[in-house]
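Peer 1: sequence-free structure coming up:
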């Protein structure tokens, strides 16, 4: 089976630079989606799952700073680089305040950019591996084992489907906090579409049914934003 290539969202309105960079990264085994402005880039980000974002700042319709804010609202952890000719100290500081992992001034060395991308993706992969080591969760009167896909209460065990398991795991990782709808859809279903959204609603209903025996547990719908697994003490 062919290994999945890391996917890059490249937001760049300079046609020549965008195509040169896209081709260079694709030659180095990356899957690149090139968008010419911020609105198109945000739509692509909401539609697909990316591993890293490379954002120009001066773009039409939505600039890179605003785009970064929108991306961070959906996924606070995705690696994000600014690639910009704006080199004033204030611009660089603003970029880092918005959560950038790096701010690379144009013109830049493509080989150096490639090394930076490889380094941060490797770091994220290692962090994700560590996070995945947690597989046992206590949810009120329930014991949830994400590795075995089991939900147990008073000695009775129910085996979850793979999607039920991943959704409950993500809810547990965000317990008493918001699990963004788009984040769950892209991680579990692969994309944020209307039909996948309806599918997730069905799985949320199933999880509510499995957890209904404990009145201190509630999965709350935060309309338009996501869900909260609320567990009262």
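Peer 2: That came through, no problem. Worth saying up front: this structure is predicted, and the values here are computed from it rather than measured.
Peer 1: Check the secondary structure at residue 229 for me.
Peer 2: strand (DSSP: H, G, I helix; E, B strand; the rest coil).
Peer 1: In contact with it: list those residues for me.
Peer 2: With contacts defined as CB atoms under 8 Å, 6 or more residues apart in numbering, residue 229 is in contact with 139, 171, 172, 174, 175, 176, 179, 217, 218, 219. All C-beta atoms are positioned from the backbone trio N, CA, C, and that covers glycine.
Peer 1: How about residue 95?
Peer 2: Under the criterion of CB under 8 Å, 6+ apart, the contact list for residue 95 reads 57, 65, 68, 82, 84, 103.
Peer 1: Lowest mean pLDDT among the helices and strands, pick that one out for this structure.
Peer 2: Lowest by mean pLDDT, DSSP states H and E among the helices and strands of the chain is helix 110-131, with a mean of 82.
Peer 1: counting contacts, what elements does that one pack onto?
Peer 2: Packed against helix 110-131, as judged by 3 or more CB pairs under 8 Å, 6 or more residues apart in numbering; DSSP states H and E, are the following elements: helix 15-27, strand 52-55, strand 80-84, strand 102-105.
Peer 1: how much does that helix deviate in direction from strand 80-84?
Peer 2: Orientation note: helix 110-131 sits at an angle of 160 degrees relative to strand 80-84 (axes from the mean of the first three to the mean of the last three CA atoms, to 10 degrees).
Peer 1: Not counting helix 110-131 itself, show me its contacts.
Peer 2: Surrounding helix 110-131, the residues in contact under the criterion CB under 8 Å, 6+ apart are 6, 8, 21, 24-25, 28, 30, 51-52, 77, 79, 81, 83, 101-102, 104, 173.
Peer 1: if you set the cut-off to 7 Å instead, what comes out?
Peer 2: Under the criterion CB atoms under 7 Å, 6 or more residues apart in numbering, residues 6, 21, 24, 28, 51, 52, 79, 101, 102, 104 lie in contact with helix 110-131.
Peer 1: which of these has the weakest pLDDT?
Peer 2: Of all the contacts of helix 110-131, residue 101 carries the smallest pLDDT score, 88.
Peer 1: give me the low-pLDDT residue ranges for this protein?
Peer 2: Counting by pLDDT under 70, the chain contains low-confidence ranges at 1-2, 127-133.
Peer 1: Pop the domain breakdown of the chain in here.
Peer 2: According to the domain assignment given by the TED database, the chain is divided into the following structural domains: 7-132, 136-231.
Peer 1: Would you confirm that residue 51 contacts residue 7?
Peer 2: Yes: taking contacts as CB atoms under 7 Å, residue 51 lies within contact range of residue 7: 5.3 Å.
Peer 1: Who has more neighbours out of these two?
Peer 2: More neighbours surround residue 51 than the other of residue 51 and residue 7, with 19 against 14 (other CB atoms under 10 Å).
Peer 1: Just give the nearest non-adjacent residue to the more buried one, would you?
Peer 2: residue 6 (4.4 Å; CB to CB, 6 or more residues apart in numbering).
Peer 1: quick one: that neighbour and residue 116, what's the gap?
Peer 2: In this view, residue 6 and residue 116 are 13 Å apart by CB to CB, to the nearest Å.
Peer 1: on that earlier part again, so which of the contacts of residue 229 belong to helices?
Peer 2: Taking DSSP state H, the ones among the contacts of residue 229 that sit in helices are 171, 172.
Peer 1: Can you tell me which of the contacts of residue 229 has the most neighbours?
Peer 2: Ranked by neighbour count (other CB under 10 Å), the contacts of residue 229 have residue 171 at the top, with 25 neighbours.
Peer 1: Identify the bridge partners of the nearest residue to that residue once chain neighbours are set aside.
Peer 2: Distances taken as CB to CB, 6+ apart place residue 229 nearest to residue 171, at 3.9 Å, with adjacent residues excluded. For residue 229, the beta-bridge partners under DSSP bridges are residue 219.
Peer 1: Thank you kindly, that will do.
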